[in-house]
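K.L.:
Sequence below, structure please.
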Amino acid sequence: MHNLLSLLIFIPAIGAGLIGVSLAFPMSKYQRDQLSRWIALVASAISCVIGIYLWFAYDGNAEGKIQFLERGIWIPSLNIEYFVGVDGISVSLVILSTLISLVATIASMPWWAGRTSITIRRTPTSRW
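P.N.:
Numbers count the residues shown, from 1 in each chain. Below is the predicted model of the structure:
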């Protein structure tokens with residue numbers, strides 16, 4: 001499990017790509033919306049599970065050390081590298097962002113009981 005941060009970065013991008021690919025298939029707007037929501041839910045749930053695993057696997061006793069390092073050279077002639085890792089604050093922000101993503105995705109689902117439809121109406125005093 002050395003590529004957890006790369007998975008965490010690229011799984012939402014893969015989900016967005018799948019949603020983009022779904023535009024090529026003929027289906028109604030409702031079906032496309034539902035498919036997009038389910039793809040987003042699965043991608044954010046996988047990201048959340050990886051984030052929770054990172055949280056528990058992080059060694060808090062290694063003070064000042066970056067963990068889960070990943071490094072790859074992209075363009076050697078320009079010295080461009082892909083280099084990611086997390087420290088104590090970063091791993092907290094990773095779990096926070098994955099949880100917020102999952103909660104927001106669940107809140108966008110039409111079957112969620114707490115969801116209310118908000119309509120914006122133009123009033124005589126508003127100027128757009």
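K.L.:
Break down this protein into its helices, ranges please.
P.N.:
Secondary structure of the chain (DSSP state H): helices located at 4-22, 29-57, 88-107.
K.L.:
Which residues are in contact with Asn3?
P.N.:
Contact partners of Asn3, counting by C-beta atoms under 8 Å, 6 or more residues apart in numbering, are Glu70. (Each C-beta comes from the backbone N, C-alpha and C, glycine too.)
K.L.:
And it, its phi and psi?
P.N.:
phi -110, psi 30 (degrees, to the nearest 10).
K.L.:
Report pLDDT for it.
P.N.:
Looking at Asn3, its pLDDT is 87.
K.L.:
same deal with Leu93?
P.N.:
93.
K.L.:
what about it, how many residues close to it?
P.N.:
Neighbours of Leu93 under the rule other C-beta atoms under 10 Å: 11.
K.L.:
Distance-wise, check it relative to Gln67.
P.N.:
Distance, Leu93 to Gln67, by C-beta to C-beta, to the nearest Å: 14 Å.
K.L.:
Where is the longest strand in this structure?
P.N.:
strand 67-75 (DSSP state E).
K.L.:
and that strand, what does it pack onto?
P.N.:
helix 4-22, strand 80-86 (3 or more C-beta pairs under 8 Å, 6 or more residues apart in numbering; DSSP states H and E).
K.L.:
Lowest-scoring secondary structure element of this structure by mean pLDDT?
P.N.:
strand 67-75 (a mean of 89; mean pLDDT, DSSP states H and E).
K.L.:
and it, which residues are buried?
P.N.:
Buried residues in strand 67-75, counted by 16 or more other C-beta atoms under 10 Å: 67-68.
K.L.:
just the CA coordinates of it, formatted as PDB?
P.N.:
C-alpha atoms of strand 67-75 as PDB (Å, rounded to 0.1, in the frame of the first residue of the first chain):
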ATOM      1  CA  GLN A  67       5.000   9.800   5.900                       C
ATOM      2  CA  PHE A  68       3.500   7.900   2.900                       C
ATOM      3  CA  LEU A  69       6.000   9.500   0.600                       C
ATOM      4  CA  GLU A  70       5.600   9.000  -3.100                       C
ATOM      5  CA  ARG A  71       8.100  10.300  -5.700                       C
ATOM      6  CA  GLY A  72       8.200  10.000  -9.400                       C
ATOM      7  CA  ILE A  73      10.200  11.900 -12.000                       C
ATOM      8  CA  TRP A  74       8.100  13.300 -14.800                       C
ATOM      9  CA  ILE A  75      10.400  15.400 -16.900                       C
END
